[in-house]
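*Asks:* okay, sequence plus prediction incoming.
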Amino acid sequence: MLGSAHPLDLFDRRALRRFRERAARHWGGADFLVADVAERLADRLDDVQRRFPVALDLGCRGGVLARLLNGRGGIETLVQMDPADGFARRAPAPRVVAEAELLPFKPAAFDLILSVLDLHHVNDLPGALVQIRRALKPDGLLLAALFAGETLTGLRRAWMEAELVEQGGAGSRVSPFADPRDLGALLQRAGFAAPVIDSDALEVSYDSAFNLMRDLRAMGEGNALVERARNFTRRATMLRAVEFYDAGADATGRITARFEVVTLTAWAPLETR
Amino acid sequence: MADIDPKLLEILVCPLTKAPLRYDRDKQELISIEAGLAYPIRDGIPIMLVDEARRLDDAEEARLGAKPAP
């Protein structure tokens, strides 16, 4: 069957696209985290003393990074790729709708592949990294930021507690994230040279977990697992999760959402294997 | 009608088979003969998603040389 979700896949790719399409329709406002991470990635590119004439933005959303870069890094062509048609349309041309797990590019097509907060949705990260490495020219650069490790542990805990109370069992509600310590080995196995992994902790303050969840949905970060289980997720469970999370508010009545953003810097080897 | 960017067309392959694509300008499709799929191009944006692709019928495949004519 075409495009059916593999039974072992963690993320339902169709659900994920639906999330992003919905986010694209209401884009703007909740993209501060994307903009912030894109800014950091652009700064890193400035530190690299090289020119990258042909580049790809993998998971471009509305073209946030493209507008920031605007020719920095010696980029002459920046292909905008997103799994959601609605996001690709908002980005500057050339644009393509595609998924990181099934890249539609020739070998050695790019000097540079950039990605802002996208690769944490991939079911088969090792496989995607191999495809990325092949799409890079020898000595091409992958510069990618993704959520990892300790991201949203508070929200995950609150959901689990809410499900135990409301449904008598806990499922998975917020995507599990890769352990940053595993990513270096993963890149090496995918054939990258000299991978560097660094991690930034970002904290965002909210008056309620309700607004945190709203922002996550607006970013297209709503969990595909949540979406698939929607019919079985009672609103009561969601409200209970909000209640549990908000119970941990500080003296000023605010809660903190913690994101761990990992940046991968890795080069395609000069001699491709 | 917006045409597909020629530089983009140059680097695209079938996401499933990684084989070259045939560009059908009239139908605005990118055809992967090996996979038997036609990926649509909408407003100049190629949609390289397997579940959005159209399956080629036998007559098309025969015409494109994927299978011998019946």
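*Replies:* That came in fine, so what should we check first?
*Asks:* now do the end-to-end distance for stretch A:90-109.
*Replies:* Across its full length, stretch A:90-109 reaches 23 Å between end residues, using C-alpha to C-alpha, to the nearest Å.
*Asks:* oh, I was asking about stretch A:108-122
*Replies:* According to C-alpha to C-alpha, stretch A:108-122 extends 22 Å from its N-terminal end residue to its C-terminal end residue.
*Asks:* is that stretch anywhere near chain B?
*Replies:* Yes - taking C-beta under 8 Å from any C-beta of the partner chain as the criterion, stretch A:108-122 and chain B are in contact, through A:109-110. C-beta here means a position set from N, CA and C on the backbone, and glycine is covered the same way.
*Asks:* and that stretch, what's buried?
*Replies:* By neighbour count with 16 or more other C-beta atoms under 10 Å in any protein chain shown, stretch A:108-122 contains the buried residues A:109-122.
*Asks:* repeat for stretch A:92-105
*Replies:* Within stretch A:92-105, the residues that count as buried by 16+ other C-beta under 10 Å are A:93-105.
*Asks:* CSV for those, including pLDDT and secondary structure?
*Replies:* Converted to CSV, these look like this (pLDDT from 0 to 100; DSSP: H, G, I helix; E, B strand; the rest coil):
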residue, pLDDT, secondary structure
A:Ala93, 93, coil
A:Pro94, 96, coil
A:Arg95, 97, strand
A:Val96, 98, strand
A:Val97, 98, strand
A:Ala98, 97, coil
A:Glu99, 94, strand
A:Ala100, 94, coil
A:Glu101, 92, coil
A:Leu102, 95, strand
A:Leu103, 97, coil
A:Pro104, 98, coil
A:Phe105, 98, strand
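*Asks:* tell me the residues of the stretch 1-150 of chain A that contact chain B?
*Replies:* Looking at chain B, the residues of the stretch 1-150 of chain A close enough under C-beta under 8 Å from any C-beta are A:2-3, A:14, A:17, A:54, A:77, A:79, A:83, A:85, A:88-89, A:93-99, A:102-106, A:109-110.
*Asks:* again, 10 Å this time
*Replies:* If contacts are counted using C-beta under 10 Å from any C-beta of the partner chain, the residues of the stretch 1-150 of chain A sitting beside chain B are A:1-4, A:13-14, A:17, A:54, A:56, A:76-77, A:79-83, A:85, A:88-89, A:91, A:93-99, A:101-110, A:131, A:134-135.
*Asks:* now A:Arg90. Its backbone dihedrals?
*Replies:* For A:Arg90, the backbone dihedrals (degrees, to the nearest 10) come out as phi -80, psi -20.
*Asks:* identify the residues contacting the residue lying closest to it once chain neighbours are set aside.
*Replies:* With sequence-adjacent residues excluded and distances taken as C-beta to C-beta, 6 or more residues apart in numbering or on different chains, A:Arg90 is closest to A:Gly62, at 3.7 Å. Taking C-beta atoms under 10 Å, 6 or more residues apart in numbering or on different chains as the criterion, A:Gly62 is in contact with A:23-24, A:27-28, A:31, A:34, A:80, A:82, A:84, A:86-92.
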